[in-house]
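J.: sequence plus the predicted model coming up.
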Amino acid sequence: MKFPKKILDELQKYLSAELEKIKKNLSSLKLQDPFSDPDRLIDNAASDTEAKEESSHERMEALEKELKIHFEEVKQALERVNRGTYGKCFSCKKMIDTDRLGAKPTALYCVECERKKEK
Ligand SMILES: [Zn+2]
């Protein structure tokens, strides 16, 4: 089974837009991170502020990591659309359920393999 070109075209559009969105989020995240503020070094902030910056930096890092993982997922899905292998399970090569793909267009594994992976 293969996906009709119309659906693949839409997917491609959707995934490319998604990639752009993540890229934008990532760069705005960097701007928000107090640790990447060049003024910070000359700023004699109280240790109290320092601690706050520390925890927000950690939060930013966690968020950045998540975004990067998502970015890779979307990029892979897009590559698979381009190669014509979209929708095939990465592990067992069977077609992934379309309901699953509808809910998670970047899914690489079918429900069964995903379940096996979690074990
Ligand atoms: Zn599978």
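T.: Right, received. Where do you want to start?
J.: use CA for all of it now, contacts and neighbours both
T.: Fine.
J.: how about the residues of the chain by the ion?
T.: Within reach of the ion by CA under 5 Å from the ion, the chain has these residues: Cys89, Cys92, Cys110, Cys113.
J.: what's the nearest residue to the first one once chain neighbours are set aside in contact with, if anything?
T.: If I follow you right, that is Cys89. Setting aside the residues directly before and after it, Cys89 is nearest to Tyr109 in space (CA to CA, 6 or more residues apart in numbering), at 4.5 Å. Residues counted as contacts of Tyr109 (CA atoms under 8 Å, 6 or more residues apart in numbering) are Lys88, Cys89, Phe90, Ser91, Ile96.
J.: do I have it right that Leu29 meets Glu58?
T.: No - judged on CA atoms under 8 Å, Leu29 makes no contact with Glu58 at a distance of 11.9 Å.
J.: and the two? Which one has more around it.
T.: Leu29 (17 against 12; other CA atoms under 10 Å).
J.: mind checking how far the more buried one is from Glu53?
T.: 14 Å (CA to CA, to the nearest Å).
J.: over to Leu67?
T.: Where Glu53 is concerned, Leu67 sits at a distance of 21 Å (CA to CA).
J.: quick one, phi/psi of Cys92?
T.: phi -100, psi 0 (degrees, to the nearest 10).
J.: in this protein, where's the longest helix?
T.: helix 47-83 (DSSP state H).
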